[in-house]
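**Q** Kindly generate the corresponding structure for this input.
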Amino acid sequence: PHSGHPPTQRLAADTPDFHSNTRYSIRHADAQPLHLDLISDLFDGDVARVSKYLPTAIMGKKLVHWLDRSLSRGRVEHATALISGPLATFPYHKTRNGTFEVVALTRDTPLDYQQGWPPLEDVSARLEFHENSLDITLLEGRIYNSTIEQARATISSLDPTSPLLMKGRLKGPLEDEIRLLREDALRKEFGHIAEALQVGGNAELKLDFAVPLVDGRGDYRLDGSLFFNNASLSLPDWDLDITQVNGELGISLDALRGSGIRGEAFGRPVQVDVTPMPNGDTRVSARTSLGNDALARQLPQLAAPLRQLLDGEAEFSIEVDIPGISAAPGAPTILSVASSLEGMRLNLPPPLAKAPQERKDLLVSMPVAGEPRPTLFSLGSQLSGAFSPDWQSGQIRYQRGKATPPGPAGYQLHARLEHLDLDAWQNALVSYDGHRGAPPEWLADIHSERLLLGGISLDEAKLKVQAKTGTLQGTVASRQLEGEFSYPTGNAQPLDMH
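**A** The predicted model follows:
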């Protein structure tokens, strides 16, 4: 053993893996551990072989495997390694009595950081080992067709191995960001939403997430923001197109959320909110002004009556509740439409007639995907309706309780009114030819304090009418008239009443 400062040694290496120039010296004083001073420059290296020259002694096997898989090809353009300190305490993160750094610049290197997530392609990066940590700064690269504007990955502790933390920002086609939701890591929660969407235009995505590299050490975390830039969103199953979309959508591992996302739909400005619900569903809410033609396009089952019965334009709230991953198989996606109808005229006889300035709350709820469910609606507090999923049966109630689908076929009306002009209602319904094919069976059960029928006024009237193939039959009871009647509907025939 000796003390002092021995001369610096030089070593040049030319291998299939890299070219390098190294300067080093080793000191060994009495009763002192070996002290190494080393600086090495490496050129034109093969990324796939880098792990053979890394300080694997301070890395777990899973971390070394992660590096081998993540950095599978590419070139090390230049790297510098610096070691200065006692070898006994290397890499000095606990004793702080030495220096260990490796800085490398790589080119054309994919970073396949975790299965189930899209790899980073065509990456140029700066890798920096400092004591017991690893920082990767991405200088350029892409995910799908989106350009990485800025990104940094960090492993704060190599031994024990801490999670990979990554922050980044990328810009490109919105389809890339939606494609991300279809990847294995996010498909379970968001794949069904992504599959329902067709998108266009550009967007910016900011991501901040954590990926454990060793089981039991850390948790998965995702905090992302998707910024729309005059993008377009289309939901073909619901015949809904939104253009000129601008705003921010937040993404976590189990929820999407956004507020005040703006765009255009139905030729009108629209504002969209995305809200995670307590039951795990995702609610997409839109607020806009609609006329009867736009409503008819969105509710095709009600298109004919909507176009005839409504005039004008009103503010509407449209909500789509998309089932979450915890929902039962086949759980339906529910579309709800609500409006006060202020600004719209309702072209019906009393008591349902409405002037544009009046308020009468409308609510429609119907399934648009998944398990069939009835379509429900209400108008004000007195009228409600329910129709079967195939629209072959339905029930409407006015001041006679809440409507429910009546059965396999046919339609029912149950009403209680102070005044009813049946002649006016007959004219209104005759002018509406909303049904195609054979006339449906229907039943009406009406109670009215005053009923007008064929120029006759009936007080305290109870009218029951049933339409079956080719015939109307029923009963009427009032102060002025009581009896049964039968009337063939195919040709003009006398009313048979007794």
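**Q** Double-check that residue 330 belongs to a helix.
**A** No: using DSSP: H, G, I helix; E, B strand; the rest coil, the assignment for residue 330 is coil, not a helix.
**Q** Might you report the residue contacts of it?
**A** 370-371 (CB atoms under 8 Å, 6 or more residues apart in numbering). C-betas here are computed from N, CA, C, even on glycine.
**Q** could you measure it against residue 283, distance?
**A** 19 Å (CB to CB, to the nearest Å).
**Q** What of residue 316?
**A** Taken as CB to CB, the span from residue 316 to residue 283 is 16 Å.
**Q** the more surrounded of these two?
**A** Using other CB atoms under 10 Å as the criterion, residue 316 and residue 283 rank with residue 316 on top: 25 against 16.
**Q** what helix or strand does that one sit in?
**A** Element membership for residue 316 (DSSP states H and E) is strand 310-322.
**Q** partners of that strand in the sheet?
**A** Sheet pairing here is set by DSSP bridges, and for strand 310-322 it gives strand 282-291 (antiparallel), strand 333-339 (antiparallel), strand 344-346 (antiparallel).
**Q** Would you double-check that residue 188 falls in a helix?
**A** Yes: per three-state DSSP, residue 188 lies within a helix segment.
**Q** now the most centrally placed residue in the chain, what's its secondary structure?
**A** The centroid of the chain falls nearest to residue 193 when counting by CA atoms, centre = their mean (4.8 Å). Here residue 193 is recorded as helix under three-state DSSP.
**Q** list the contacts for the nearest residue to it once chain neighbours are set aside?
**A** Leaving out its chain neighbours, the residue that sits closest to residue 193 by CB to CB, 6 or more residues apart in numbering is residue 322, at 5.9 Å. With contact set as CB under 8 Å, 6+ apart, residue 322 has these partners: 192-193, 196, 281-284, 333.
**Q** Figure out which of the strands paired with strand 310-322 is closest to residue 162.
**A** Nearest to residue 162, of all the strands paired with strand 310-322, is strand 282-291, at 32.1 Å by CB to CB.
**Q** tell me the mean pLDDT for the helix or strand following that closest one?
**A** Of the helices and strands lying after strand 282-291 in sequence (DSSP H and E), the nearest is helix 292-298. For helix 292-298, the mean pLDDT works out to 77.
**Q** and what of stretch 198-210?
**A** 91.
**Q** circling back to that earlier point, just the contacts of residue 322 now: which is nearest residue 378?
**A** residue 283 (19.8 Å).
**Q** about what we covered before: would you turn the strands paired with strand 310-322 into JSON lines with distance to residue 478?
**A** Below are the strands paired with strand 310-322 laid out as JSON lines (distance: least, CB to CB, whole Å):
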{"stretch": "strand 282-291", "distance to residue 478": "41"}
{"stretch": "strand 333-339", "distance to residue 478": "37"}
{"stretch": "strand 344-346", "distance to residue 478": "28"}
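**Q** of all these, which lies closest to residue 354?
**A** Nearest to residue 354, of all these, is strand 344-346, at 3.7 Å by CB to CB.
**Q** which residues touch the closest one?
**A** 292, 309-314, 352-356, 360.
**Q** change it to 6 Å
**A** Contacts with strand 344-346, where a contact means CB atoms under 6 Å, 6 or more residues apart in numbering, come from 310-312, 314, 354, 356.
**Q** Show me how to select, in PyMOL, the buried members of these.
**A** This is the PyMOL syntax for the buried subset of those, where burial follows 16 or more other CB atoms under 10 Å:
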select buried, resi 310+314+354
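**Q** Which one of the contacts of strand 344-346 is nearest to residue 441?
**A** Nearest to residue 441 among the contacts of strand 344-346, with distances taken as CB to CB, is residue 310, at 27.1 Å.
**Q** which residues touch that closest one?
**A** 292, 344.
**Q** Give the bridge partners for it, please.
**A** residue 346.
**Q** where does it sit relative to residue 396, distance-wise?
**A** For residue 310, the distance to residue 396 - CB to CB - is 17 Å.
**Q** Residue 198: neighbouring residues, count only.
**A** 13.
**Q** Phi first, then psi, for it.
**A** According to degrees, to the nearest 10, the main-chain angles of residue 198 amount to phi -120, psi 130.
**Q** just for the protein, where's the confidence low?
**A** Where the chain drops to pLDDT under 70, the residues are 1-6, 51, 53-58, 60, 237-238, 298-299, 301, 429-439, 489-498.
**Q** what about the helices in it?
**A** 61-70, 174-180, 184-196, 292-298, 303-309, 422-431 (DSSP state H).
**Q** residues of the third one that come out buried?
**A** Neighbour counts over helix 184-196 (16+ other CB under 10 Å) mark 185-187, 189-190, 192-194, 196 as buried.
**Q** Specify the angle between that helix and strand 333-339 in degrees.
**A** 50 degrees (axes from the mean of the first three to the mean of the last three CA atoms, to 10 degrees).
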